[in-house]
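Student: Okay, here's the prediction I keep looking at, along with the sequence it came from:
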Amino acid sequence: MKKTFICFFLIMSISVCLAQTNFSISVSDEESGFAFSISNFYKVPEKEVIIVKERGIPDEELPVVFFIAEKARVKPANIIELRLKGLTWMDISLKYGITAESYYVPVNVIEVGPPFGKAYGHFKKHPKHKWKEIRLDDDDIVNLVNVKFISSYHGIEPEVIIKEKSYGKKYIVLDRELKEKKSKKHKKDKEEKKEKKHKHKLKKEDD
């Protein structure tokens with residue numbers, strides 16, 4: 001009985017260690033940062049975003065899960081189940097009454113190049129009252145949702161994201177770079193404010 005208990009304890013300990021190791025390997029700092037942005041924007045626990053990723057949803061498709069779930073007012077698990085069954089993002093969207101017009105992102109440019117040209121070509125080709133009939137493919141939906149998410153979350157124009165993506169940059173990298181830029185600006189502003197306060201103090205002492 002004692003030997004059985006010891007063996008069981010060892011097996012459980014090894015399992016826990018392996019689970020922790022796999023988790024740390026599968027989620028890098030950059031991926032964790034992207035998950036944090038998604039959780040903040042869609043107001044869901046970061047752990048929930050990681051769980052969705054662990055179920056086999058690629059990083060850049062994670063925002064799509066939460067976008068549809070939010071629009072449809074259902075749990076992300078419902079969306080994942082349908083996706084893992086092989087349904088396209090458009091099929092899943094239509095199931096919940098979400099049409100192509102929900103994915104449209106207004107931009108102040110005449111022509112939009114790859115990888116957005118096809119999607120915007122659909123919207124340009126069809127009059128607005130027929131946008132509900134448009135059928136976007138998976139890449140179109142992933143690109144449009146990420147542009148909508150990242151531009152809104154970081155408070156920048158969608159055109160900036162579209163331009164950077166046209167150079168082949170990943171959304172997960174764009175998110176990180178924008179965070180770093182914002183952090184540097186905040187630090188610079190803080191230092192300038194501190195220096196200005198210090199100069200004001202010295203001037204006051206001189207007077």
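Tutor: Structure's in. What do you need?
Student: list the contacts for the residue lying closest to residue 37 once chain neighbours are set aside?
Tutor: What sits nearest to residue 37 in space, not counting adjacent residues and going by C-beta to C-beta, 6 or more residues apart in numbering, is residue 175, at 5.3 Å. In this view, the C-beta of every residue, glycine as well, is placed from N, C-alpha and C. By C-beta atoms under 8 Å, 6 or more residues apart in numbering, the contact list for residue 175 reads 33, 34, 37, 150, 153, 154.
Student: Give me the buried entries from these.
Tutor: 34, 37, 150, 153, 154 (16 or more other C-beta atoms under 10 Å).
Student: mind listing the helices for the protein?
Tutor: 2-26, 29-42, 46-54, 62-72, 76-84, 89-95, 117-125, 138-154, 158-166, 171-206 (DSSP state H).
Student: So what's the residue count around residue 54?
Tutor: 12 (other C-beta atoms under 10 Å).
Student: swap that for residue 124, please
Tutor: 11.
Student: Report pLDDT for it.
Tutor: pLDDT, residue 124: 93.
Student: just residue 33 next, same as before
Tutor: 92.
Student: With the one 5 residues further on instead?
Tutor: What the model reports for residue 38 is a pLDDT of 98.
Student: mind putting the contacts of residue 175 in a markdown table, distance to residue 51 included?
Tutor: Output for the contacts of residue 175, formatted as a markdown table (distance: C-beta to C-beta, whole Å):
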| residue | distance to residue 51 |
| --- | --- |
| 33 | 17 |
| 34 | 15 |
| 37 | 16 |
| 150 | 22 |
| 153 | 21 |
| 154 | 25 |
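Student: quick check, nearest of the residues you listed to residue 182?
Tutor: Nearest to residue 182 among those, counting by C-beta to C-beta, is residue 154 at 7.1 Å.
Student: surely the closest one meets residue 182?
Tutor: Yes. With contacts counted by C-beta atoms under 8 Å, residue 154 reaches residue 182, the gap being 7.1 Å.
Student: Now residue 172: closest residue in space that isn't a chain neighbour?
Tutor: residue 34 (4.6 Å).
Student: One more: residue 68?
Tutor: Using C-beta to C-beta, 6+ apart, the closest residue to residue 68 is residue 79 (5.2 Å).
Student: since we're on residue 152, how many residues are nearby?
Tutor: For residue 152, using other C-beta under 10 Å, the count is 12.
Student: what do you get for residue 108?
Tutor: Neighbour tally, residue 108, other C-beta under 10 Å: 7.
Student: what does the one 4 residues further on give?
Tutor: Around residue 112 there are 21 other residues, counting by other C-beta under 10 Å.
Student: about what we covered before: measure the residue nearest to residue 172 to residue 116 for me?
Tutor: Computed as C-beta to C-beta, to the nearest Å, the residue 34 to residue 116 distance reads 20 Å.
Student: correct me, but residue 122 touches residue 137?
Tutor: No. If you go by C-beta under 8 Å, residue 122 and residue 137 don't touch, sitting 9.9 Å apart.
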